[in-house]
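Participant: model the following, please.
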Amino acid sequence: MVINQIVIRKSKIVILTNMLLLEQALEIVLNQDFKQKTERVSFQDALHRVLAEDIYADVDMPPFDKSAVDGYACRMGDRVMTVIETIPAGYVPQKSVGPGQCSKIMTGAMLPDGADCVVMVEDTESVGKDKVNLKFGKTAKNICFKAEDVHKGDKVLDKGTLLKPSHIAILASVGAVTPLVAVLPRVAVISTGDELVEPDRYPENSKIRNSNAYQLLAQINEIPAEGIYCGIAPDTPESLREIISSAFSKSDVVILTGGVSMGEYDYVPEVMKELDVEILFKSVAIQPGRPTVFGKRGYQFIFGLPGNPVSSFVLFEIMVKPFLRKMMGNNDLPVILKLPMGEKYIRKKSGRKSLLPVEIREGKVFPVQYHGSAHIHSYTKANGLISVEIGATEIMEGEFVDVRPI
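Facilitator: Numbering: from 1, shown residues only. Predicted structure coming up:
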């Protein structure tokens, strides 16, 4: 489905054509062919990297029958027992347990031959030197049996896994100390516009500080990927051509903000074509973020995002971030929470899907006061996004909505 929209600007009628639905645009973005690069890293440096190989166990887990508690390893049914040995963790038992015998054992220690259960310390009492008595007639086995978690040769981590701290423990447990991971994509960031100055300069007259580039670099680093800042491009085709060419020479993906709308000085799409970029779409039926451009040149890709900071933030989260993860072989879907609205929401225009910043408080969703796509300060309290679908003008208080945490 392609949407046409009529907009009135200063008494002129402008027809916005070929707006793709967000779902269509995402399908185009995520179905690209990638030339994935890989490298081996220390497992200690692999946090938040994407696995490029399956990981298999090289040992059984546990590797032997072991005690799940501190207590006495003995035979089920014995009541009064003689302690014949103490077995700390990491020690190989030297004696077998016979009838009426037990070995004092620590959590994680190897179970001695002859024992079929472990009585917890608190379920026993001392009745003389090296003698213990079972307080109760029954006891649990309290044994972690060999290979009950993992057998040697089992796959323990899948290729494409985004490694979290728990995964690092698994790598360590199976001796995968140099896992193969995807190389971090190199992502060049360009801001466009004669009105921009760097944050360390005071914005005189009609100037504003360049916040978009640094927001995007922070989002890139959070993935993580390798962000490369290429500076501010003035609003001329020559400057854009030079800076985009330079960005392509040092990156896998180029991200621009600004210069992609319908204004007189918005040159990005035409410069892309001059640089042999195949433009796959340049308008999405979404608010904020309609003038979003996506193209490719071989195995390199370019996103042209709107210049307003909220637009660039949102489009990065919902489109660029999953694209970069997909480049690394990770296909995880975003976390979606289903929560009730804490208050009613109404909007006037419904021709595009709206992505609304919200605050989650006490299990409910509250729309953030939001004055348009230049209002980045609204996001200081926002911790989620909700979708308001095309044609919908209101969401009732108490109605459950899908919330995407940010």
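
Participant: what residues are up against the closest residue to Glu53 other than its chain neighbours?
Facilitator: If the residues on either side of it in the chain are set aside, Glu53 comes closest to Leu180, at 4.3 Å by Cβ to Cβ, 6 or more residues apart in numbering. In this view, the C-beta of every residue, glycine as well, is placed from N, C-alpha and C. Under the criterion of Cβ atoms under 8 Å, 6 or more residues apart in numbering, the neighbours of Leu180 are Thr38, Glu39, Arg40, Leu51, Ala52, Glu53.

Participant: filter these down to just the ones in strands.
Facilitator: Filtering those for membership in strands, criterion DSSP state E, returns Thr38, Glu39, Arg40.

Participant: beta partners for the residue nearest to Glu53?
Facilitator: Arg40 (DSSP bridges).

Participant: can you give me the distance of it to Val174?
Facilitator: Leu180 sits at a distance of 14 Å from Val174 (criterion: Cβ to Cβ, to the nearest Å).

Participant: then Ile143?
Facilitator: Here the criterion is Cβ to Cβ. By it, Ile143 lies 22 Å from Val174.

Participant: quick one, strands of the stretch 251-400 of the chain?
Facilitator: With DSSP state E, counting those that start in this stretch applied, the stretch 251-400 of the chain shows strands at 253-257, 278-281, 286-287, 293-297, 300-305, 337-340, 345-346, 353-361, 364-367, 384-388, 394-395, 400-405, listed in chain order.

Participant: partner strands of the longest one, parallel or antiparallel?
Facilitator: The partner list of strand 353-361 in its sheet, established with DSSP bridges, is strand 286-287 (parallel), strand 364-367 (antiparallel), strand 384-388 (antiparallel).

Participant: does Gln219 count as helix, strand or coil?
Facilitator: Assigned by DSSP: H, G, I helix; E, B strand; the rest coil, the conformation of Gln219 is helix.

Participant: can you check Val156 too?
Facilitator: The three-state assignment at Val156 reads strand, by three-state DSSP.

Participant: show the average pLDDT along stretch 390-402.
Facilitator: Mean per-residue pLDDT for stretch 390-402: 94.

Participant: distance between the ends of it?
Facilitator: In terms of Cα to Cα, to the nearest Å, the two terminal residues of stretch 390-402 are separated by 15 Å.

Participant: so what touches that stretch?
Facilitator: The contact list for stretch 390-402, computed with Cβ under 8 Å, 6+ apart, reads 3, 21, 285, 336-348, 350-353, 365, 386-388.

Participant: quick check, Ser166 in a helix?
Facilitator: Yes: counting by three-state DSSP, one finds Ser166 located in a helix.

Participant: going forward, begin numbering at 83 instead of 1
Facilitator: Sure, I'll start counting at 83 from here, so that last one is Ser248.

Participant: what about it, neighbour count?
Facilitator: For Ser248, the number of neighbouring residues by other Cβ atoms under 10 Å comes to 7.

Participant: now do it, the pLDDT please.
Facilitator: In the prediction, the pLDDT value recorded for Ser248 is 97.

Participant: repeat for Gly210
Facilitator: At Gly210 the predicted local confidence, pLDDT, stands at 83.

Participant: what does the one 3 residues further on give?
Facilitator: Listed pLDDT for Lys213 reads 94.

Participant: returning to what we had before: ranking the strands paired with strand 435-443 by burial, who's on top?
Facilitator: The highest average neighbour count among the strands paired with strand 435-443, using mean count of other Cβ atoms under 10 Å, belongs to strand 368-369 at a mean of 22.

Participant: all the strands of the stretch 133-282 of the chain, residue numbers only.
Facilitator: Defined through DSSP E, counting those that start in this stretch, the strands belonging to the stretch 133-282 of the chain, from first to last, are 137-138, 148-149, 153-156, 162-169, 183-187, 199-202, 206-210, 213-216, 225-226, 237-239, 262-264, 268-274, 278-279.
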